[in-house]
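# I'll drop the sequence and a predicted model, then ask my questions.
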Amino acid sequence: MGILRDNPYGAFNFSVEIDGVTIGGFSEVSGLGMEIAYADYRDGSDKPNAVRKIPGLHKFGDVTLKRGIVGSTELFQWLKQVAGGTPAPREVNITLLDEAHLTVLSWKLHRAQPKKWSGPHLAAAGAGALAMEELVLVHEGLEME
């Protein structure tokens, strides 16, 4: 459960765990979300001349993780495992931290699997630029605690 306070929390302190293991320092997490599809329905005997909205299936957005390349290949290896025909669903926990690095809220992705990995953009004239990698995850469930 979130810790209430008057001022919003910063979006710059967070951690990412995959199957209970903290995986490097990610610089960005995006795409946390859930969407419900609604069907329009109107019964011929309905008194109002308007449709009712009936909730249907729900789906979860792809989650993108970005981090600087630090020499670890574990995210790419996970992608290769799935690309090779072996499903490898994992539990992913994303935790928002306060200024003292205490847990504020967490989001759990159930049965997450890699969809896309992108490597760094390399340029000799890019002085000061960092080599970044990006992993896009699909998942089958989202909880917020």
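The structure has been received and is ready for your questions. Bear in mind the structure is a predicted one, so any value in this text is a computation, not a measurement.

# Double-check that G85 belongs to a strand.
No: going by DSSP: H, G, I helix; E, B strand; the rest coil, the assignment for G85 is coil, not a strand.

# distance of it from M132?
Distance from G85 to M132, counting by C-beta to C-beta, to the nearest Å: 28 Å. C-beta here means a position set from N, CA and C on the backbone, and glycine is covered the same way.

# Among these two, which residue is more densely surrounded?
The residue with more neighbours, out of G85 and M132, is M132; 15 against 6, by other C-beta atoms under 10 Å.

# Spit out the contact partners of the more buried one.
S27, K66, R67, G68, I69, P120, H121 (C-beta atoms under 8 Å, 6 or more residues apart in numbering).

# before we move on, what about L109?
F60, V63, E91, V92, N93, I94, L137, H139, G141, L142.

# quick one: the fifth one and F14 touch, right?
No: taking contact to mean C-beta atoms under 8 Å, the distance of 10.5 Å between N93 and F14 leaves them out of contact.

# between those two, which one's more packed in?
In this view N93 and F14 are compared by other C-beta under 10 Å, and F14 has more residues nearby, 22 against 17.

# which one is the more buried one nearest to, not counting chain neighbours?
L96 (5.3 Å; C-beta to C-beta, 6 or more residues apart in numbering).

# Report the buried residues of the strand or helix carrying the one you found.
Using DSSP states H and E, L96 sits within strand 90-97. Across strand 90-97, burial judged by 16 or more other C-beta atoms under 10 Å covers R90, V92, N93, I94, T95, L96, L97.

# Quickly note the distance from the residue lying closest to A37 once chain neighbours are set aside to Y38.
The shortest distance from A37 to any non-neighbouring residue, by C-beta to C-beta, 6+ apart, is to G56 (4.6 Å). Noted for G56: a distance of 6 Å to Y38, by C-beta to C-beta.

# Parallel or antiparallel, list what pairs with the longest strand anywhere in the chain.
Identified as the longest strand of the chain according to DSSP state E is strand 103-118. Its sheet considered, strand 103-118 pairs with strand 90-97 (antiparallel), strand 132-138 (antiparallel), strand 141-144 (antiparallel) by DSSP bridges.
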